[in-house]
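A.B. asks: Just a sequence and a predicted model for now, questions to come.
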Amino acid sequence: MLDSKTLALAQDARTLLAKGLDALARVGIQTEALQQALLDLEGPFLLVVAGEFNSGKSSLLNALLGSDFLKEGVTPTTERIHLISYGPEARLQPQSPEVALVELPHPLLKEVRLVDTPGTNAILQHHQVLTQKFLPRADLILFVTSADRPFTQSEADFLGFIRAWGKKVVLIVNKIDLLSAAELQQVLEFVRKGADQTLGHVPPIFAVSARRARKGEAASHIPELEAHIRWVLAHEATRLKLGSPLGVLARLAEEARAVVESRIKETERQLATCRELDNLLQRHQERTHRDFNGQVALALQSIEEVRARGERWLDEKVRFSRFLELLQSSKLKQSFIDEVVKGANLAIERRVQGVMNWLAKRDRELLEDALSLLREAPGLGHSQQTAPEEGAIAQNLEEALRSFDPEAEAAQLRDFIQESLRGTALAEVGVMGLGLTILLVTQKIALDILGIFATVFGAILATSILPRRKEAAKARLCERLAELKGTLERALHEVLNSELERTRERFHRLYRTPCARLEHTRNSTLAELRLIEDLGREALELRNRMG
Ligand SMILES: Nc1nc2c(ncn2[C@@H]2O[C@H](COP(=O)(O)OP(=O)(O)OP(=O)(O)O)[C@@H](O)[C@H]2O)c(=O)[nH]1
Ligand SMILES: [Mg+2]
């Protein structure tokens, strides 16, 4: 009959285990061991005998049960898990290639189910696998080591495995008939130390001889072991039984934690790529902004050239000897057109076009840089498998690059410049018949040939002193051209700003969605990690509360 405190603990355990099953399954951890442990909660106490092959596990069970039913031998002998329970007469029934059911008429078996397991560290690997698979079900483990080769390295490894599942252990040093009393003391000391190091504590240790017991000789110490087993069954069975699935839960939570942590690490690595893309965009925009001034200077150069030619023209024409000629303004006008401004509009348009091409090239470079950044992202280069979100980003970038048409881009940029020049107050164009079908010109950025000539000519006529006329004309020319330069410069900067904005938006579209998904994944995986850590901690706390 369970007391109320144990009943409450059992209830808490069941609630926690149900929560655990759910959480572990969601993370993708195999939960069979926990499901089995839950089923076993309702079944008999499972006392499992484990250890290296030939240590005398089957002999020990035969000695405890006073039978010779289990096969013994010097080579690896026990091939299956033997589940031994009470039955009116001895019988063995193979259940599967892995499990055999044994019934024996021994009263101890009414209180406990004993389990004989294949030995570890044998050449037959599958024996060890069978035993390791079964161990999570154990409520208590009798770990058998042989007195003639006590506590080997592989036994220490195996005990470490048992500890990870949170199992309680009783250590059995078997075959003590092979040792003198002094040797036995040495062996026991050695085993005690080894156990302490491996398990972190010294479990109960029994030094026995299954052989003596079987021969009916004294000093087998099997009765002491049996008494201990009966005591455990009477006083600790419930606690151990409830603790068993909690140990399994803690162990699986630990496994899940490692899995989830590595997922978080992988997501963080991909998120770092997202941040790299942000940085790349930022650097690209800063660099484009900086280098743009050089491009603008190139475009303005054409206007500068008009100014230089205009000044030279004035120096040449506005001379006393040619003064009469000057007054024939139609000739003068034609000369001004031919020598100063002819071709200037085309030159400006070409240079502006050059700036637009440069901007388009920069956009393409950004896509290329982003793609190589993604290809060189840590992990991507080494693993064959590309993470899905990174794959999506790379695909978007490749697609954007494939469909990237620098000419169409530059044309679109021209549209921008048209837009930004609309409504500027330069004079009408095309009037001088220069054949200006050029886009820019129709958008009023062309040199206002007539206007400039009128300004210059007006300045020439405005004053009667010749050198002054020249200076005044030069000054007016400069003024008008500076005005034009200012307009063009502003228009180009407006284009730059809207282009940077547009690039930012378009570039973001290529990776923002997968990156947002990654952030979401990271956050939900972090929440999973916290849940798993809580589960593991609660499982251990609850087991400790059981005493
Ligand atoms: N001297 C001595 N030999 C023992 C004792 N117990 C078992 N043996 C012998 O050790 C050998 C192995 O015994 P098993 O009981 O088959 O050992 P096991 O651990 O079940 O071996 P596997 O089933 O192969 O894992 C047999 O030859 C036994 O006779 C003992 O107390 N003293
Ligand atoms: Mg055996």
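C.D. replies: Yep, that arrived. Ligands and ions are numbered 1, 2, ... in the order given.
A.B. asks: Name the nearest residue to the closest residue to ligand 1 within the chain, ignoring sequence neighbours.
C.D. replies: Per CB to the nearest ligand atom, Gly119 is where the chain lies closest to ligand 1, at 2.4 Å. Any C-beta I mention is one placed from the backbone N, CA and C, and that applies to glycine too. Nearest non-adjacent residue to Gly119, counting by CB to CB, 6 or more residues apart in numbering: Phe53, 2.7 Å away.
A.B. asks: doesn't Val48 fall inside a strand?
C.D. replies: Yes: inclusion of Val48 in a strand is indicated when DSSP: H, G, I helix; E, B strand; the rest coil is applied.
A.B. asks: before we move on, could you check phi and psi at the spatially closest residue to it that is not a sequence neighbour?
C.D. replies: Closest residue to Val48 apart from its sequence neighbours, by CB to CB, 6+ apart: Ala138 at 3.9 Å. Note on Ala138: its backbone torsions stand at phi -70, psi 140 [degrees, to the nearest 10].
A.B. asks: wait, Ala138 sits on Arg113?
C.D. replies: No: when contacts are counted by CB atoms under 8 Å, Ala138 is not listed as touching Arg113 (10.5 Å).
A.B. asks: Just want to know which of the two has more residues nearby.
C.D. replies: Higher neighbour count among Ala138 and Arg113: Ala138, with 26 against 18, using other CB atoms under 10 Å.
A.B. asks: what residues are up against the more buried one?
C.D. replies: Leu46, Leu47, Val48, Ala50, Val115, Lys167, Ser244 (CB atoms under 8 Å, 6 or more residues apart in numbering).
A.B. asks: what residue ranges in the chain are flagged as low confidence?
C.D. replies: 1-2, 319-329, 377-386, 413-450, 461-466, 547 (pLDDT under 70).
A.B. asks: all strands of it, in order?
C.D. replies: 45-51, 81-86, 91-94, 99-104, 112-116, 140-146, 169-174, 205-207 (DSSP state E).
A.B. asks: can you list residues touching both of Ala138 and Arg113?
C.D. replies: In contact with both Ala138 and Arg113: Leu46, Leu47, using CB under 8 Å, 6+ apart.
A.B. asks: Let me see the ranges of the helices in the stretch 1-150 of the chain.
C.D. replies: Ranges of helices in the stretch 1-150 of the chain, per DSSP state H, counting those that start in this stretch, are 4-27, 32-41, 57-65, 125-134.
A.B. asks: and the last one, what does it pack onto?
C.D. replies: Packing partners of helix 125-134 (3 or more CB pairs under 8 Å, 6 or more residues apart in numbering; DSSP states H and E): strand 81-86.
A.B. asks: And the residue of the stretch 151-300 of the chain found nearest ligand 2, how far from Val48?
C.D. replies: Here the stretch 151-300 of the chain gets closest to ligand 2 at one residue, Ala210, 11.0 Å apart by CB to the ion. Noted for Ala210: a distance of 17 Å to Val48, by CB to CB, to the nearest Å.
A.B. asks: Leu496 and ligand 2, how far apart?
C.D. replies: Here the criterion is CB to the ion, to the nearest Å. By it, Leu496 lies 83 Å from ligand 2.
A.B. asks: Nearest residue to that residue in space, ignoring adjacent ones along the chain?
C.D. replies: Excluding the flanking residues, the one nearest Leu496 by CB to CB, 6+ apart is Phe292, at 5.2 Å.
A.B. asks: what's the answer for Thr455, then?
C.D. replies: In space, Thr455 is closest to Arg476, 4.6 Å off (CB to CB, 6+ apart).
A.B. asks: My guess is Leu179 contacts Ser146. True?
C.D. replies: No: applying CB under 8 Å, one finds Leu179 not in contact with Ser146, separated by 10.6 Å.
A.B. asks: what about the two, which has more around it?
C.D. replies: Ser146 (22 against 19).
A.B. asks: Return the residues in contact with the residue nearest to the more buried one when sequence neighbours are not counted.
C.D. replies: Among residues not flanking Ser146 along the chain, Ser55 sits closest, at 4.3 Å (CB to CB, 6+ apart). Contacts for Ser55 (CB under 8 Å, 6+ apart) come out as Gly119, Val144, Thr145, Ser146, Asn174, Lys175.
A.B. asks: now swap in Leu46 and tell me
C.D. replies: Applying CB under 8 Å, 6+ apart, the residues near Leu46 are Asp40, Val112, Arg113, Val115, Arg137, Ala138, Asp139, Leu140.
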